[in-house]
Structure formats: C-alpha cells, structure tokens
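Colleague: please find the sequence and the predicted model below.
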Amino acid sequence: MLCAVLESAGYVVGEANAPSGVFRGAAGDWSHLGWTNVRAFDLAVSDAGWFIGAGNGVLRSRDEGISWRVTTDWRITEVLSLHVEGSTVHAATAHGPWKSPDSGDTWRFIGDGLPPVSGSFCTWIGRGPDDQIWVGTEMGLFAKAGDGWRPAGLAGRPVRKVAVSGGEVWVATDGQGLWHSTDGGAEWSPILPGEPLYAVAASGPRIATAGYRTPVFVSGDAGATWQHLDVPATSVHALTWDAGGLWMGTNCGVFRGWGPRRGAAPRRPRPPGGHRGGVGGG
C-alpha cells in the first residue's frame, strides 16, 4: 500500500518538520520514500513510473520512489488530482487541466472551453463512464468533447471526488452530499444531502464516502442501504477499497476497516508523522 501525505501533524514552530510525501507499508509498518517535505495531494502508479500531484507540480519517480524529479514548470502548481494511463498523464490543478503524452516530459494546457475561474478550478480528473476524460470542478462536472468541454452534470455544485464503477458514477460534493447516476450522467439522484464530503470510492456494489466531521458512510449493496463507520478523525480525504476492506486517509493518519459482509471497527496503520493525505494500491 502506498500513501501520499499532504502535511505533517507534528509541526512545531522553529523545529524540523516531520516527513510528508510518499510512504509505503501496511499495518503500522511504514517507510518514507523520496523527498521529505512534499505537499502531496495525489499519487498515481503506472508502468511509466510513480507520479505525485503536489503543490509544486507533478513529480515523477522511475525507481519506485527512491528518487524524484519535478516534470512541470512554473505554470503548473497545486496539482490536486492525477490520472495516468500508460505514458499519458492528466493533471487537475487549481488553474485548470493539463495533459502530458510522454510521461511528464512535455505538457499541454487542455482547459480551453471550461468556464472561467471556478469552472477552471479542477479538483478531480479521470475517465468518465463514456470513456472520455472528465473533470470535477467548483462548478460541477465537465467531459472532454473534441477540443473543448461539455457539461456532464451537477452544474454549480463543488465537486471533490468522483468514483466510476461500470456505468455508474458517484460524486462527493462539499456541503451538498453524495450524488449518483446510473445512466452516464444524464440524470442524478441526491444521497446524504447537505453532507460536506471530500472522498468517495466504489468497487462493484461496495461504496464508501466521507468528509469533514462526518462518519464514513459505507454500503455493500450499491447504495440501497448504508452503515456508519466512526473513525477517530476530524476529516477524511481519501478512500480506496481492496479485497480485505476499506482504507481511509484522514487528518489523523490512515485507518483500515469495514468489509462488505462484516462490520469492523477501524484499526490504525498510521504512517509516521502523517496528517492529511491519500491512499492507493501498490
């Protein structure tokens, strides 16, 4: 398991920061990889390398996290989400989306056609149910259409994370709950209205979502019924499923818990110094 840590909980004025960036491990045994004070928002792994979406751009490692280099220039900062397929890298930033066809060696801005300001503040990027690249923004969802973009739903809603499973789409929004579409985004149903949600994960019928001062909401039947999983953290920023259950990246470290057919209190395989970050397979 790989974990991207945004910032350290152990900061003390005048003293050295505890490490942030990338950690690898599980069940309490974590080791730090690479640069020690990277503000890591997202982490993606492919055959072309490991990539970090960070405050200072997109970082790449070709030796499994031992050494890193920044692949971007001054135009690309605050990289909040990454999507990697082979050598093609898409980056969602606070200033719009970017694309690299060659593992980060060169970059091209692809945000022309998105609404200005809030519509260009991209919080998520990935493959949509129509197999096109989608972005989540402060003004809803947009899907790539030729050289521009088309609205893909949830107009005016602040998107934080998107999970696509088959033809179904689950969207976590800040203060406006979870939204679900079964027809590729043509129609949407609200779930958990009013909740400030930062993360969502879907794997077949297993769904999980959480955010600021919320429990982790989990479903094993594609959202027909829900359970609450209480995690000792103020906010949850990342969720991912594997065969054993759910991993949760929070402001108090990484937790592991609930499986689809058994309730389980979360246990805490916390990376050292971790405060906020994401989790992903590795």
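Modeller: Received, thanks.
Colleague: neighbours around residue 182, how many?
Modeller: Neighbourhood size, residue 182 [other Cβ atoms under 10 Å]: 16. C-beta here means a position set from N, CA and C on the backbone, and glycine is covered the same way.
Colleague: just give the nearest non-adjacent residue to it, would you?
Modeller: residue 168 (5.4 Å; Cβ to Cβ, 6 or more residues apart in numbering).
Colleague: confidence score at the one you found?
Modeller: On pLDDT, residue 168 comes in at 93.
Colleague: that one contacts residue 129, correct?
Modeller: Yes: counting by Cβ atoms under 8 Å, residue 168 touches residue 129, with 7.3 Å between them.
Colleague: mutual contacts of the two, please.
Modeller: Common contacts of residue 168 and residue 129 (Cβ atoms under 8 Å, 6 or more residues apart in numbering): residue 181.
Colleague: so what's the gap between stretch 146-156 and the chain middle?
Modeller: For stretch 146-156, the separation from the chain centroid amounts to 20 Å (computed by Cα atoms, centre = their mean, to the nearest Å).
Colleague: list the buried residues for that stretch?
Modeller: 149, 152, 153, 154 (16 or more other Cβ atoms under 10 Å).
Colleague: check stretch 33-52 too.
Modeller: Per 16+ other Cβ under 10 Å, stretch 33-52 contains these buried residues: 33-35, 38-45, 48-52.
Colleague: among those, which are in strands?
Modeller: When DSSP state E is applied, the buried residues of stretch 33-52 are split such that 33, 40, 41, 42, 43, 44, 45, 49, 50, 51, 52 fall in strands.
Colleague: out of those, who's nearest residue 253?
Modeller: Nearest to residue 253 out of those is residue 40 (Cβ to Cβ; 14.6 Å).
Colleague: farthest-apart pair in the buried residues of stretch 33-52, please.
Modeller: Using Cβ to Cβ, the two most remote members of the buried residues of stretch 33-52 are 39 and 48, lying 22.7 Å apart.
Colleague: between the buried residues of stretch 33-52, which sits nearest residue 247?
Modeller: Taking the buried residues of stretch 33-52 together and measuring to residue 247 by Cβ to Cβ, the closest member is residue 43, at 12.6 Å.
Colleague: in this structure, where is pLDDT below threshold?
Modeller: The model of the chain has pLDDT under 70 over residues 7-13, 26-28, 258-282.
Colleague: now with 90?
Modeller: 1-40, 116-120, 146-147, 166-167, 228-234, 242-245, 250-282 (pLDDT under 90).
Colleague: good, wrapping up.
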